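S.K.: Quick check, what structure comes out for this input:
(4 chains)
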There are 2 protein chains.
Amino acid sequence: MKLAAVDVRQAASAADIVYDALRKAIIEGDLAEGENLRQDQIAQMFNTSRIPVREALSRLEQHGLITTERYKGAVVAGLSIEEIDEIFEFRALVEAEVIRLAVPNLDKDTLAAASRYCAEFGQETDSARWGEINRSFHYSLYTASRRPYYLQIVQTSLDRIDRYLRAQLTLTNGMTRADREHQAILAACVDRDADLASRLTRDHVLNAGRSLVAFLKDQRS
Amino acid sequence: MKLAAVDVRQAASAADIVYDALRKAIIEGDLAEGENLRQDQIAQMFNTSRIPVREALSRLEQHGLITTERYKGAVVAGLSIEEIDEIFEFRALVEAEVIRLAVPNLDKDTLAAASRYCAEFGQETDSARWGEINRSFHYSLYTASRRPYYLQIVQTSLDRIDRYLRAQLTLTNGMTRADREHQAILAACVDRDADLASRLTRDHVLNAGRSLVAFLKDQRS
DNA sequence: AATAGAAAAATTGGATCCAATATACAATAT
DNA sequence: ATATTGTATATTGGATCCAATTTTTCTATT
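M.R.: Numbers count the residues shown, from 1 in each chain, chains lettered A, B, ... in the order given. Below is the predicted model:
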């Protein structure tokens, strides 16, 4: 029997759909930080009741993307400069280790895919897509680490600061620098130099963080 | 006006209470892995309806403590040896960094508290309490890192493998070795030797992981 | 007796309803 | 005019009800 088997176990529930949509909207900055999320309003937007919305909001809160107060509701979580700084520092630690673990396992296909993302990043003119391509580039390499737990942590960390990272890429000329650094990381991976790839990734993340924090300090003062 | 003001904003909701209770039961191993969690049954145990229970289960799933399948329900998540191994490796990375960041900030009170936990750990005869004291010892030092994001990650990582860690302490004589290592870590902290404390913490976590994995490999085969 | 299939029970996901709380606003007092 | 109190509205948290799905039990057939 030849059939494209589909795993029906994980058919999306209403809560899944709402969660995915809200997560995406927050990550991409379509929902401004501080914005109120009214259960009723969201429920109507998705043609469902408040129950799945409440579950979605609960998940978002667990991931730190929103904050809720009892009987008051949910608002998109903002991050202080100190929190942003800390998350970048954390990412530098973990992602440097992930790429180190990944390099020995990199095969031709993975490197080719990463190379495509790297080129695409450099050529893309629509700044709205940089964040997504940037993420794809790094993640395609990280996957070779074969460390699902690390990868999940990296994803949730990135979720928290993705909005700001996107801003940093478009402003302060972060894009051209990121492009250079991506090429260097990719080259180190091709050379199977895990230590170098790790150091470059660490610096890449820290550079982005420093540049972003400097920008925000200026902007918020 | 003289009144002991209490912040009523964060009065626990029913979902909070159920979540805390289930989390504790899973972490401490009172709920065996694979065990079914029936919404109705739990709701009755807490004299509430299924709604708060569902929210609690949703949170537990986000933290990886249970797995759920649509229309089938929730079961306490078990971990494969590979997953346990990975989480210990991850903890070693992060906790080594956290203690390094903590050492410069350690004040007398914090060291005194850690010292008390360390002594308590060595003297406690009730093996059921070792897990909790062990956690308190490490966490009291980690707090000085002033890195709330790191600390939250450390907590959730520990939540995932605490059951197994408790088993490891009671079996394979893990307890006496842990006690020795705690004293060495504490001494390095008193000496303000961040590098040493970091290295010792890393080894401490990796040792526990290796010993646990060896035990499980033997047991599960 | 073993097995396939149908009916019944159990369980979850979602909708609707009610209670508790917060917010907005009007009325009143100073 | 301002501040305070009371009231109405909006919003959330929780209970109950219904639909979709799974699991169990029963029955018929071989």
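
S.K.: Up against DNA strand D, what does chain A have?
M.R.: A:8, A:37-40, A:50-51, A:54, A:68, A:70-74 (Cβ under 7 Å from any atom of the strand). C-beta here means a position set from N, CA and C on the backbone, and glycine is covered the same way.

S.K.: quick one: the strands in chain A?
M.R.: Using DSSP state E, the strands found in chain A span residues A:36-37, A:66-69, A:73-76.

S.K.: Nearest to B:Ala184, out of those strands?
M.R.: Evaluated with Cβ to Cβ, the strands of chain A place strand A:66-69 nearest to B:Ala184, the distance being 40.1 Å.

S.K.: The closest residue to A:Arg38 other than its chain neighbours - how many residues pack around it?
M.R.: Distance criterion Cβ to Cβ, 6 or more residues apart in numbering or on different chains; nearest residue to A:Arg38, sequence neighbours excluded, is A:Gly73 at 6.5 Å. Applying the criterion other Cβ atoms under 10 Å in any protein chain shown, we find 14 residues in the vicinity of A:Gly73.

S.K.: Let me see the confidence value for A:Gly73.
M.R.: Predicted confidence (pLDDT) at A:Gly73: the value is 93.

S.K.: got it, and A:Ala167?
M.R.: Looking at A:Ala167, its pLDDT is 82.

S.K.: same check, this time on the one 5 residues further on
M.R.: What the model reports for A:Thr172 is a pLDDT of 70.

S.K.: now A:Asp191: how far from A:Leu106?
M.R.: Note on A:Asp191: its distance to A:Leu106, by Cβ to Cβ, to the nearest Å, is 11 Å.

S.K.: Those two: which is more packed in?
M.R.: Between A:Asp191 and A:Leu106, A:Leu106 has the larger neighbour count (other Cβ under 10 Å), namely 21 against 11.

S.K.: what's near enough to touch the more buried one?
M.R.: Contact partners of A:Leu106, counting by Cβ atoms under 8 Å, 6 or more residues apart in numbering or on different chains, are A:141, A:144, A:189, A:192.

S.K.: Counting neighbours, what do you get for the closest residue to the first one other than its chain neighbours?
M.R.: Meaning A:Leu141. Once flanking residues are discounted, A:Leu141 sits nearest to A:Ala114: 5.1 Å by Cβ to Cβ, 6+ apart. Residues near A:Ala114, counting by other Cβ under 10 Å, number 25.

S.K.: Pull the residues that contact stretch A:39-50.
M.R.: Counting contacts by Cβ under 8 Å, 6+ apart, the residues touching stretch A:39-50 from outside are A:14, A:17-18, A:21-22, A:52-54, A:56-57, A:73.

S.K.: Tell me which two in those residues are the farthest apart.
M.R.: Between any two of these, the greatest separation by Cβ to Cβ is 20.6 Å, found for A:Ile17 and A:Gly73.

S.K.: Is A:Glu89 in contact with A:Leu206, as I believe?
M.R.: Yes. With contacts counted by Cβ atoms under 8 Å, A:Glu89 reaches A:Leu206, the gap being 7.5 Å.

S.K.: do you know how far A:Tyr164 is from A:Gly209?
M.R.: Summarising the geometry, the distance separating A:Tyr164 from A:Gly209, computed by Cβ to Cβ, is 9 Å.

S.K.: again with A:Gly78
M.R.: Shown here: A:Gly78 relative to A:Gly209, a distance of 17 Å by Cβ to Cβ.

S.K.: Of the two, which one has the most company?
M.R.: Neighbour count, other Cβ under 10 Å: between A:Gly78 and A:Gly209, A:Gly209 has more, with 23 against 13.
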